[in-house]
Each structure stands twice: as structure tokens, then as C-alpha cells.
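**Student:** Let me see the structure of the following:
(one chain, ligands or ions: 1)
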Amino acid sequence: MINAVEASGVGRRYGRIWALRGCSVALPEGQVAALVGPNGAGKSTLLNLIAGLLRPSEGTLQRFGRPVSDRPEALARVGYMSQDTALYPTFTASELLRMGARLNPGWDDDWARERLTRLRLPANVPASNLSGGQRSQIALVLALAKRPRLLLLDEPLASLDPLARNDVMALLMQAVAETGMTVVLSSHIISDLVETCDWLVAINQGRVQVSGNIDELLDSHKLITGPREAVDTLPPRVSIVAQTITGRQASVLLRSGEHPIGPVWTVHRPTLDELVLNYLRQPEASVLPGPVAVAG
Ligand code: ADP
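**Tutor:** Numbering: from 1, shown residues only. Got it, this is the predicted structure:
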């Protein structure tokens, strides 16, 4: 298996402002990756770089073992959808599908039409007369009908109500199960992604704070709670990611190690929310794991 995405020291700046800096991540093929971080963190910049819509100011970026390129043959298997993906408002779903078929060599028209029918999406109503949820579903059907090997979704759920979010995620996960494609899905709402993603990239202020397989990350961290004064008695060799003091209570996220921490602490496996929030809370305490080697 190869890495779908491999970034090494990637940075992108706008004038003197770095939107992304020192980004080194590797995403194995076939993963569904959550790209999380607050607004302005650099998520769209990273997705645009992977898509080839932007060029890095520094560092190297590869898709499937080759330098990212915006040449048509390289883009043929990359799908991209942003939250404000504009469907031409006067076009119907049927007309959009016809356009997609003309523009994309690998277009699967039978699949797309069958999906519209199954989702009960009106084929002959102009996009401007559809609900936000219906428009998002059509945009996703268009992105999927191209049969991408890598699908990049920038905040696809941001403007949707809970029912529509559910429908869009169900459509996506079914397509993932059918094709095994790699997906990178950004959101500033972690709970949107918990059940569907197996890989995490958390980003804040243009820096990757943590990246890896979600189960492995959760297994390799501990969240400990105890009296605040006990923080100072933690052995110097424990690796603290972040700590929060609330009243007399301290909550500390640790990278798991063999060091005994004393009986005053209650230890549990963090939830994904707890892991991400702790990494995002203290940008200066970040880990920047290098690219993960994947057996080839
Ligand atoms: P996110 O998608 O996480 O909200 P972005 O990648 O859109 O974050 O933005 C990262 C940073 O780069 C922000 O500080 C943003 O203001 C800045 N930025 C993004 N696009 C531009 C641009 N075209 N010109 C100048 N600054 C930009």
C-alpha cells in the first residue's frame, strides 16, 4: 500500500502571513481522515494544496507517490468539494450530470443516475429551488461519480441540519465501502467525524498538532485527573501534552509511557474530543510526527 498523501515540511504563505507551516503528514491509502481545527487553522489551505489548486511556498507534497500536479491526468482521480461548492443555480441535477459526464473521463453515469433515484433527489428541478441538504447531496454525487481515488471535502457538513448531515455522511460512507477510496474531510466540529473517520489530522494556527490512526492515538494517550497540587509531583519524564486546572482539580493529557504517576490520579483513555481539544488548546506543546512509513 502507498500513501495517498505525503507532505514533508509543507508551508504556504500569503504575503508575510503563513497560513500553514512545517506540515509533515502521511496518510495511507484507503483511510477516511478527519482534518480538524478551529476556523482559520489552515484546513482549507492544506486541502487546496493537496488538490493542486494552490502550490506550496516551501516543502514537498505528493499524492500516491508522485508530486502534486494540476495536470488533467493527475486531477482525473481527485475529487474536491467545498462547503460553498456552487451548483449552477439554473441547472437541474440531470443537466449537471450531463456536464460531469462530458468533463470527466472516468465518469460513472449509471451509478450517478441510480444514486439520484435512490436518494429521491429531483432530477429536473433547478438547483436554486432545492434545499441546502439536497444541493449538498447532488454536489457529493457529482464528486463521487468521477470515481475519485482521493476525495477532498472541505467542511461539507457546515451548513446542514442534523438530518441532512446524516444523509450526506451515509452517502459518503456507502461510496467509501464500495470503492475503498481515500477521503480527507475537514470540519471544525469533531463530533461530526468521530464515528466515520479512522485517521486524524488536527491543525491549529497553521501547524499540525497531531496526526495518526485514531485508535492508535487514543490507545497511546492517557487522561488523568487529580488534585491540582499533584501536577507538580508528576515524574519529570512523563510527557505532558496539555493540562487544564478547574478549581482544585487538574486534568492532564499524557502520552502513555511506563512511568508510574502515583495513586492520587484517576486514569482513563481519552475520547477523541478530549484528545483533539487538548492538542488544540496548547499549540506550543504540539507534536509534529514525521511521515509514517507504510510497508510497500
Ligand atoms: P481554515 O480552513 O482552517 O478555516 P484557512 O486555510 O482558510 O483556514 O486559512 C488559514 C489562514 O490563512 C487564515 O489566517 C486565513 O486568514 C489565511 N488566508 C487564507 N486564504 C488567504 C488568502 N487568499 N489571502 C490571505 N490570507 C489567507
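**Student:** So for the helix or strand that contains A112, what gets flagged as buried?
**Tutor:** Assessed by DSSP states H and E, A112 sits inside helix 109-118. Neighbour-count burial for helix 109-118, counted by 16 or more other Cβ atoms under 10 Å, picks out 111-113, 115-116. Where C-beta positions appear, they are placed from N, C-alpha and C, glycine not excepted.
**Student:** Determine the longest helix present in this protein.
**Tutor:** helix 162-179 (DSSP state H).
**Student:** Just to check, R21 is in contact with N204?
**Tutor:** No - at 11.4 Å, R21 does not count as touching N204 under the criterion of Cβ atoms under 8 Å.
**Student:** Those two: which has the busier surroundings?
**Tutor:** Using other Cβ atoms under 10 Å as the criterion, R21 and N204 rank with N204 on top: 22 against 18.
**Student:** Cross-check the contact I'm expecting between that one and L280.
**Tutor:** Yes - counting by Cβ under 8 Å, L280 is a contact partner of N204 at 4.8 Å.
**Student:** Quickly list what's touching both of those two.
**Tutor:** 37-38 (Cβ atoms under 8 Å, 6 or more residues apart in numbering).
**Student:** helices and strands around whichever strand or helix holds V276, which ones?
**Tutor:** Assigned by DSSP H and E, V276 belongs to helix 272-281. Applying 3 or more Cβ pairs under 8 Å, 6 or more residues apart in numbering; DSSP states H and E, one finds that helix 272-281 contacts strand 199-204, strand 207-213, helix 214-219, strand 221-227, strand 239-246, strand 249-255.
**Student:** how about the ones you listed, which one is nearest H268?
**Tutor:** Across these, H268 has its closest neighbour in strand 221-227 (5.6 Å, Cβ to Cβ).
**Student:** Go ahead and confirm E29 touches V5.
**Tutor:** No - contact criterion Cβ under 8 Å: E29 and V5 do not qualify, at 9.1 Å.
**Student:** Looking at these two, which is more packed in?
**Tutor:** Neighbours around E29 and V5, counted as other Cβ under 10 Å, are more numerous at V5. The numbers are 25 against 17.
**Student:** can you pull the contacts of that one?
**Tutor:** If you count contacts by Cβ under 8 Å, 6+ apart, then V5 has 25-27, 50, 61-63, 150, 182, 184 around it.
**Student:** Okay, and which of the residues you listed map to helices?
**Tutor:** Per DSSP H, those map to helices at I50.
**Student:** Can you spell out the domain ranges of the protein, please?
**Tutor:** Following automatic domain parsing, the chain resolves into domains at 3-213, 215-281.
**Student:** Low-confidence regions, this protein specifically.
**Tutor:** Counting by pLDDT under 70, the chain shows low-confidence ranges at 84-86, 282-296.
**Student:** The same query, at a cut-off of 50, please.
**Tutor:** The model of the chain has pLDDT under 50 over residues 285-296.
**Student:** and it, which residues reach the ligand?
**Tutor:** Within reach of the ligand by Cβ under 6 Å from any ligand atom, the chain has these residues: 14, 17, 19, 37, 39-45.
**Student:** swap the cut-off to 8 Å and go again
**Tutor:** 14-15, 17, 19-20, 37-48, 154-155, 186, 188, 203, 206 (Cβ under 8 Å from any ligand atom).
**Student:** Let me see the ranges of the helices in the stretch 1-150 of the chain.
**Tutor:** With helices called from DSSP state H, counting those that start in this stretch, the stretch 1-150 of the chain shows them at 43-51, 72-75, 93-103, 109-118, 132-145.
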